[in-house]
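Undergrad: build the 3D model from these lines:
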Amino acid sequence: MERGKVKIVYLGAGSGFAPVLGKDIFLIPGLDEGIYCLVDIDEERLNLSFQEIKLIKEKAGKSSWEIIATTDRREVMKNADYVINTIEVNGLYTVRYDYEIPLKYGVDQCIGDTIGPGGIMKALRTIPVWLEILRDAEELCPNALVLNYTNPMSMMMLAGFKTSKMSMVGLCHSVQGTAGLLAHYLEVPYQQLKWRCAGINHMSWFTELTYNGEDMYPVLKKKARENKELYEKDPVRFEILFYFGYFVTESSGHFSEYVPYFRKRPELIDKYCRDEYRGERGFYSKNWPRWRKDCDDRRRRIIEGKEEITLARSHEFAAQIIEAKEFNKPTIIYGNVLNTGLIENLPYGQVVEVACLVDRNGVNPMYFGRLPEQLAALNRSNMAVYELAVKAILESSYDCALQALLLDPLTSAVCSPEEIKQMFDELLEAEKDFIPKLK
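TA: Alright, predicted model coming up:
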C-alpha cells in the first residue's frame, strides 16, 4: 500500500530544538517527502526557524518536503501524524521571579524547571496551555502520536494522561546523554557498555552497568574517589552514587534541586556545587535572556551564509520514533509514560521513565520490575509533589498548589510552612498575569 505524506506539527518552533529535530527527521533514510508544520506565537522567531529549516532541508537533499510556518496551530493540526511539543509559556518574563523570590527565603535554585518553586510555577503557567493543545489534537488529529519535550516533564505528562485520550510520550535526552557520559567516565566504548535504567524523568537510575560481563559500579566508585578531576565533573551525582549506590540520569545542577541534601545552606552549595550545569546559583535565571539572543543570532548567521550547517543526527528520540513507526523498524527509546505496574514500587497511575519498544504499533512501554528501595523512595518524594501540583491545576486549587510546595524536598529543608506560604503568595502575585487564578 502506498504511503501518504507524513505530516508533523512542531509547536514551539522558535526554540533551539526545532532545527535539531528537523535535521533528524530529514535524515531519516527513505522518508523523502512530508509536511513539516512550524508553529510559534512569536512571528520573528518563527520566521528565523522557518528560514533555517528550509536551508537544512535543501542541504539534506529532501526538496520534496513541504515546510509551513504559522502562528495558529489549528490551521495545520488537521490529520497530523505527529505533534511535537516544545512550547515555553512566558518563561522569559518569569524566570527572574522563579529564582529571586524563593532566594529571599533561602531557597537557591540552579535550574528551577522540574520541581521546587520554579518547577511548580512553570507547571501553573504551562499545563493549562498544554491541555488546550491536547483538546485541539483530539478534535483535529485524534490518531496522532504526541511527543512532548516541554518541562516540567512529569507534571506535563501526568496532566495529559489524566485528561486526554491522545497517544503520547514524554521525551528527554538525559538517559542516553548520561549513558554516553558514563562510558566516557569509565573509559570504555559506549556501544559495548550494557545498562538498565528506570525511574522518573530527571531522576532515573542506572540499576545495572556492565562491560564485558563485569559490574562497572565498583570501578566507577573507585575512579571517582581517587580521581579529583573526575569527581569535579559531577560532584552531586558522585555523592549520590557513594551514598545511594547508583548513578542518576540528570546533571549535578538539576539533581541538586530534587533532594534536600546539597542546597539548603550556602556552605553546602559552595562545597558540592560548581558552575553551570554542575549547580551554579541561578544558572537559568541569569543566562536565559542571553541564550535566547544567542540562538536567534546564530540563526541569522546561518541564514546569511556566515555559518555552515552541519548534517548529523542527534541523540534525540523524536526522529527515532518516527522512523520506527513509519518503517516498522523496531527500536528502543526511553519515554515518560503512565505507570501501569511497569515499576512496581512507584505509584500506579503516575508517570515513570522506562525503556519502550517502538514499532508500527507506536510506543510500547516495557516492564521493569522493582527499583532498589532507596531509589524508589527518592522518586516518590518528587512524585508526591507532582501529584498535588497537577491536582491543583486541574481543580484550580490554591491549597493543593501550596501543599505541593510544602512537600518539595529542597523548599521544606530550608523553610517553615509559614515561610513557604509567604513565598508562594509572593510568587503568585508576581506572576498573576501569567497563570490562571487559584481558588
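Undergrad: going by C-alpha atoms from here, please, whenever you check contacts or count neighbours.
TA: Noted.
Undergrad: just the helices in the stretch 251-400 of the chain please.
TA: Assigned by DSSP state H, counting those that start in this stretch, the stretch 251-400 of the chain shows helices spanning 252-255, 266-272, 283-303, 318-327, 373-395, 398-407.
Undergrad: same for the fourth one, what does it pack against?
TA: Counting contacts by 3 or more Cα pairs under 8 Å, 6 or more residues apart in numbering; DSSP states H and E, helix 318-327 packs against helix 17-26, strand 331-338, strand 351-359, strand 362-365.
Undergrad: next: the first one.
TA: Where contact means 3+ Cα pairs under 8 Å, 6+ apart, helix 252-255 is packed against helix 235-244.
Undergrad: how about low-confidence regions in this protein?
TA: The chain contains residues with pLDDT under 70 at 1-3.
Undergrad: mind running it again at 90?
TA: Per-residue confidence for the chain (pLDDT under 90) gives these ranges: 1-4, 16-17.
Undergrad: how about the strands of it, start to end?
TA: 6-11, 34-39, 66-70, 82-85, 145-148, 167-170, 193-200, 203-211, 214-215, 247-248, 331-338, 351-359, 362-365 (DSSP state E).
Undergrad: in the stretch 101-250 of the chain, which spans are helices?
TA: 116-140, 153-163, 174-186, 217-226, 228-233, 235-244.
Undergrad: just how off-centre is the first one within its chain?
TA: It refers to helix 116-140. In terms of Cα atoms, centre = their mean, to the nearest Å, the centre of helix 116-140 is set 14 Å apart from its chain centre.
Undergrad: so which elements touch that helix?
TA: Packed next to helix 116-140, using 3+ Cα pairs under 8 Å, 6+ apart, are helix 91-104, helix 153-163, helix 373-395, helix 398-407, helix 409-414.
Undergrad: quick one, which of the helices of the stretch 101-250 of the chain gets closest to Thr340.
TA: Nearest of those to Thr340, taken as Cα to Cα: helix 153-163 at 11.8 Å.
Undergrad: ok and that closest one relative to strand 331-338, angle-wise?
TA: 70 degrees (axes from the mean of the first three to the mean of the last three Cα atoms, to 10 degrees).
Undergrad: now do the buried residues in helix 153-163.
TA: Across helix 153-163, burial judged by 16 or more other Cα atoms under 10 Å covers Met153, Ser154, Met155, Met156, Met157, Leu158, Ala159, Gly160, Phe161.
Undergrad: okay, now Ala312: neighbour count?
TA: By the criterion of other Cα atoms under 10 Å, Ala312 has 11 neighbours.
Undergrad: quick check: it vs Glu419, distance?
TA: 49 Å (Cα to Cα, to the nearest Å).
Undergrad: next: Glu353.
TA: Taking Cα to Cα, one finds Glu353 at 33 Å from Glu419.
Undergrad: give me the more crowded residue out of these two.
TA: Higher neighbour count among Glu353 and Glu419: Glu353, with 30 against 16, using other Cα under 10 Å.
Undergrad: for the closest residue to that one other than its chain neighbours, give the beta-bridge partners.
TA: The shortest distance from Glu353 to any non-neighbouring residue, by Cα to Cα, 6 or more residues apart in numbering, is to Asn336 (4.4 Å). According to DSSP bridges, the partner residues bridging Asn336 are Gly170, Glu353.
Undergrad: dump the residue contacts of Asn336.
TA: Met153, Ser154, Met157, Val169, Gly170, Leu171, Ile200, Asn201, Val351, Val352, Glu353, Val354 (Cα atoms under 8 Å, 6 or more residues apart in numbering).
Undergrad: isn't the first one right up against Gly170?
TA: Yes - the pair Met153 and Gly170 qualifies as a contact (Cα atoms under 8 Å) at a distance of 6.6 Å.
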